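Enquirer: Turn this into a model:
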Amino acid sequence: MPGPAKPDEVSFYREQVLPRLIDWVCGTGELHRWRAEVTEGLAGRVVEIGFGSGLNAAHYPPDVEVVYAVEPAAVARHLAARRLARHDVRVEHVGLDGHHIPLDDASCDAALSTFTLCTVTDPRQVLGELRRVLRPGGHLHALEHGLAPDASVAAWQRRLDPLQQRLADGCHLTRDAASLITAAGFEVQRLEQRYAKGPRPWSWMSLVVAVNPDPPAAQP
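Expert: Just a heads-up that it's a prediction; the model follows:
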C-alpha cells in the first residue's frame with residue numbers, strides 16, 4: 001500500500017500538474033458560454049482574483065480598460081501569457097493572493113471571480129478585500145460552483161468534499177457563493193443558478209452580479 005505523498009511530490013503536483021488540469025477542465029465549450037455571461041457589463045478597471053490561465057480573456061467586453069490579475073500559480077501565468085497574446089486586452093499581474101490585494105482603496109470599477117471562492121482559504125477576507133478595492137457602486141461578477149439545493153446531491157458533496165480538497169488544492173464542493181457574497185455586504189442584483197453538464201456534485205453553478213453599496217453617510 002503506498003504511503004503518503006512526499007512534500008516535493010505534493011509541490012510538483014500543485015505547481016506543475018494542477019494548473020494544467022484546471023486549464024483543461026475549466027476550458028470546456030459550455031464553461032466558455034458561462035464565462036461570456038458573467039463578464040457581460042464589465043468596464044473600466046477590473047480586478048480579477050484567481051486569474052488562472054486567462055480563460056476569461058476571450059470574453060472581456062471592449063469597455064474594459066485594464067485587468068488587474070491576482071494569481072499565485074506560475075504555470076497558470078505562463079499559460080495565460082500565450083493566451084493573452086491572441087487577445088487585445090491589457091492585463092497587469094498585481095499580486096499572488098486574493099487575501100491581500102496590492103491595490104488602493106476604491107481603485108477599481110469592477111471585480112471578477114470565476115471558480116475561485118471555492119478554493120481560497122478565507123472567502124470572507126477575500127470578499128472584504130474586493131469591497132475595499134472596489135469603488136462604491138462598483139460591481140462584483142462571480143461564477144462559482146457550490147452546494148446544490150437537492151438533498152441527495154448535497155449529501156454526496158459533503159462526502160466527497162475532503163477528497164476534493166486534497167486533489168484540487170483546497171477546492172470545496174460545499175460553499176454557497178451567493179450567501180458568502182451577501183454576507184460580505186454586497187447587494188446581489190442578479191443571481192442565476194442551475195446545473196451545468198457533468199456529474200452533479202461538481203456542476204451546480206451560481207452566476208452572481210452584486211454591487212458594492214455606497215458607504216453610510218457620516219453622522220452630523
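Enquirer: Report whether Leu103 is found in a strand, as I expect.
Expert: No. Leu103 is assigned coil when assessed by DSSP: H, G, I helix; E, B strand; the rest coil, not a strand.
Enquirer: which ones are touching it?
Expert: Neighbouring residues of Leu103 by Cβ atoms under 8 Å, 6 or more residues apart in numbering: Val47, Tyr68, Val94, Gly95, Val133. The C-beta positions use only the backbone N, C-alpha and C, and glycine is treated the same way.
Enquirer: can you rerun that using 10 Å?
Expert: Arg45, Val47, Tyr68, Val70, Val94, Gly95, Glu129, Arg132, Val133, Leu134 (Cβ atoms under 10 Å, 6 or more residues apart in numbering).
Enquirer: Thr182 too?
Expert: Leu127, Asp176, Val188, Leu191, Val208, Ala210.
Enquirer: Among those, name the buried ones.
Expert: Leu127, Asp176, Val208, Ala210 (16 or more other Cβ atoms under 10 Å).
Enquirer: SS state for the third one?
Expert: Per three-state DSSP, the local secondary structure of Val208 is strand.
Enquirer: What about the contacts of Leu103, which one has the most neighbours?
Expert: Within those, most neighbours by other Cβ atoms under 10 Å means Val47, with 28 neighbours.
Enquirer: Report the two of the buried ones among the contacts of Thr182 separated the most.
Expert: Asp176 and Ala210 (13.8 Å; Cβ to Cβ).
Enquirer: can you point me to the longest helix in this structure?
Expert: helix 151-167 (DSSP state H).
Enquirer: Show me the strands in this structure, by range?
Expert: All strands of the chain, identified by DSSP state E, fall at 44-49, 64-70, 91-95, 108-114, 134-145, 187-195, 204-211.
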